[in-house]
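**Q** give me a 3D structure for the following:
(one chain, ligands or ions: 2)
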Amino acid sequence: MGKIRTAIGLMSGTSMDGIDVALVRTDGEAHVERGLFLGMPYDPAFRDRLKLALEQAKSIRRREERPGELAAIERELTIRHASAVAEFLNRHGLDRSSIDVVGFHGQTVLHRPDEALTVQLGDGPLLARETGIAVVYDMRANDMLHGGQGAPLVPAYHAALAGTVRGTKLPVCFVNIGGISNLTYIGAESAIAAYDSGPGNSLIDQWVETHAGIPFDQGGMIASEGKIVAKLADRYLNSPFFTAGKRRSLDRNDFLPPNGKDAELADGARTLAYVAAASIIKSTGHLPVTPALYVICGGGRLNHTIMRDLADLAAQQKSTVISAEDAGFNGDAMEAEAWAYLAVRSLEALPLTFPGTTGVRQPVSGGILARSR
Ligand SMILES: Nc1ncnc2c1ncn2[C@@H]1O[C@H](COP(=O)(O)OP(=O)(O)OP(=O)(O)O)[C@@H](O)[C@H]1O
Ligand SMILES: CC(=O)N[C@H]1[C@@H]2OC[C@@H](O2)[C@@H](O)[C@@H]1O[C@H](C)C(=O)O
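**A** Ligands and ions are numbered 1, 2, ... in the order given. Purely as a prediction, here's the structure:
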């Protein structure tokens, strides 16, 4: 066992719903002690700032550019992360000196793997100064420099957890249904394959926001009252994303929400929930063996309509679907925990990504270390 460090992971995901903070004690290898978690939601005004950031980021050609309001938003975002760390330490009676490192994801505002361009807003040195804790940030860039897709990065963490899944049946597939979905397959010989699997909640969120003025479909209630519009579902599921030989990582804008003429509110939500579930199953066609077990993480596991569709589709493959909680994990904390784990791996110069996860040419480490002083 290597040196055990205490790390905090910070994730601000593509859904822009808030900052997740998680504590992990790990050696960056097989030893993982999962701990405390805190979700700090963004207020609507800041969500609007992030939406503006996504718009303004479209003109970025080099990753260090910060046109328009982006520099100011990056600073605001970083200060909010520092406050989230302070709140987390305070609530749990922890002293900052007990934390060895913070893993800081930042906010993805642009992701164009075909141009080897990925931009996460987040000022690591500022966060280190504000928190007084060393910070590892910008963990996707080195992967892209070495020919990788820059995502997904969580698979290294899923692989570390695989041995601890309650009632493990291999092959197991971890699925994260966030704004976008990604999956990690762990086979009997611990072969690991991972990729973005398709649209997740972000289409549903945009649909219900536009047509009902609410940020997401709580529990999948709206969807549960609708019918699947087959033509609309097919439009998404026949996208070249699913048939291309090469696995591509996704940008939030790669799949756009339907327009109002395509469906009424409940049918649209129902169809997009089905698309979220069917995309995952369709994407498993690229795996070497059909998974025996799916462990579902991320906010989408709380959408019962997605979960029912997923269970039905998986049953046709004789596979079982369980939530992260059923497997003994916290489905909200997984990505933040992963960023804590990856920060420790970065300090140890261990690989964050592998040819089987991002398509990178060889296993590579990544991340930049900002010391606290
Ligand atoms: N109770 C709930 N019922 C239905 N959907 C929910 C619920 N809670 C959260 N969600 C969905 O989950 C989304 C947030 O999921 P999550 O935090 O996993 O995404 P993310 O980390 O932002 O995205 P990504 O993994 O793509 O970076 C919300 O935007 C919403 O669509
Ligand atoms: C560029 C980027 O931020 N991608 C996210 C996004 O959200 C889900 C999916 O697309 C995944 O590939 C990735 O995040 C997770 C945390 C990852 O890298 O593993």
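**Q** so residue 86 makes contact with residue 131?
**A** Yes - with contact defined as C-beta atoms under 8 Å, residue 86 and residue 131 form a contacting pair (7.3 Å). The C-beta positions use only the backbone N, C-alpha and C, and glycine is treated the same way.
**Q** who has more neighbours out of those two?
**A** residue 131 (23 against 14; other C-beta atoms under 10 Å).
**Q** wait, what's in contact with the residue of the chain most remote from its centre?
**A** Computed with C-alpha atoms, centre = their mean, the residue of the chain farthest from its C-alpha average is residue 261, at 30.7 Å. For residue 261, no contacting residues are found, by C-beta atoms under 8 Å, 6 or more residues apart in numbering.
**Q** could you check how far it is from residue 139?
**A** Residue 261 is 41 Å from residue 139, where distance means C-beta to C-beta, to the nearest Å.
**Q** show the residue spans covered by the strands in the stretch 101-250 of the chain.
**A** 101-104, 107-112, 117-121, 135-137, 172-177, 180-186, 192-199 (DSSP state E, counting those that start in this stretch).
**Q** now the third one against strand 107-112, angle please.
**A** Going by axes from the mean of the first three to the mean of the last three C-alpha atoms, to 10 degrees, strand 117-121 is angled at 170 degrees with respect to strand 107-112.
**Q** list the neighbouring strands of strand 117-121 plus their orientation.
**A** Here strand 117-121 is paired, per DSSP bridges, with strand 107-112 (antiparallel).
**Q** now the strand it pairs with: buried residues?
**A** For strand 107-112, the neighbour count (16 or more other C-beta atoms under 10 Å) marks 107, 108, 109, 110, 111, 112 as buried.
**Q** export those to CSV and tack on pLDDT?
**A** Output for the buried residues of strand 107-112, formatted as CSV (pLDDT from 0 to 100):
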residue, pLDDT
107, 98
108, 97
109, 97
110, 97
111, 97
112, 96
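**Q** these also near ligand 2: which ones?
**A** By C-beta under 6 Å from any ligand atom, the members of those lying near ligand 2 are 108, 111.
**Q** tell me the one of the buried residues of strand 107-112 nearest ligand 1?
**A** Among the buried residues of strand 107-112, residue 108 lies closest to ligand 1 (C-beta to the nearest ligand atom), at 7.3 Å.
**Q** which residues are in contact with that closest one?
**A** Neighbouring residues of residue 108 by C-beta under 8 Å, 6+ apart: 14, 118, 119, 120, 252.
**Q** one more time with 10 Å
**A** 12-14, 16, 54, 57, 118-122, 140, 150-151, 179-180, 251-252 (C-beta atoms under 10 Å, 6 or more residues apart in numbering).
**Q** next one: residue 297
**A** 154, 158, 174-178, 181-182, 184, 323-325, 327, 329-335, 338.
**Q** what's the answer for residue 62, then?
**A** Neighbouring residues of residue 62 by C-beta under 10 Å, 6+ apart: 117, 119.
**Q** from ligand 1, how far off is residue 189?
**A** According to C-beta to the nearest ligand atom, to the nearest Å, residue 189 and ligand 1 sit 28 Å apart.
**Q** any idea how far residue 266 is from that residue?
**A** Relative to residue 266, residue 189 is positioned 45 Å away (C-beta to C-beta).
**Q** burial of residue 64, as a residue count?
**A** Count around residue 64 with other C-beta under 10 Å applied: 6.
**Q** would you agree it is in contact with residue 121?
**A** No - taking contacts as C-beta atoms under 10 Å, residue 64 lies outside contact range of residue 121: 11.7 Å.
**Q** ok, residue 296 to ligand 1 distance?
**A** Computed as C-beta to the nearest ligand atom, the residue 296 to ligand 1 distance reads 10 Å.
**Q** likewise residue 254?
**A** For residue 254 relative to ligand 1 (C-beta to the nearest ligand atom), the value is 12 Å.
**Q** residue 183 bridge partners, please.
**A** Under the criterion DSSP bridges, residue 183 forms beta bridges with residue 175, residue 195.
**Q** what's the distance between the single longest helix found in the chain and the middle of its chain?
**A** Longest helix in the chain, counting residues (DSSP state H): helix 70-91. Put simply, helix 70-91 sits 19 Å off its chain's centre (C-alpha atoms, centre = their mean, to the nearest Å).
**Q** get me the contact residues on the stretch 151-300 of the chain for ligand 1.
**A** Applying C-beta under 6 Å from any ligand atom, we find that the stretch 151-300 of the chain lies next to ligand 1 at 176, 178-180, 200-201, 204-205, 216-220, 298-300.
**Q** from those residues, which is closest to residue 306?
**A** Relative to residue 306, the closest of these is residue 300; by C-beta to C-beta it sits at 5.2 Å.
**Q** report how many residues lie close to that closest one.
**A** Using other C-beta under 10 Å, the number of residues around residue 300 comes to 27.
**Q** correct me, but it touches residue 307?
**A** Yes - counting by C-beta under 10 Å, residue 307 is a contact partner of residue 300 at 8.0 Å.
**Q** common neighbours of the two, please.
**A** Joint contacts of residue 300 and residue 307 (C-beta under 10 Å, 6+ apart) are 177, 220, 273, 276, 277.
**Q** and which of these is nearest ligand 2?
**A** Checking these against ligand 2 by C-beta to the nearest ligand atom gives residue 177 as the nearest, at 9.0 Å.
**Q** tell me who's in contact with the closest one.
**A** Taking C-beta under 10 Å, 6+ apart, one finds 183, 197-201, 276-277, 279-280, 296-303, 306-307, 310, 331 in contact with residue 177.
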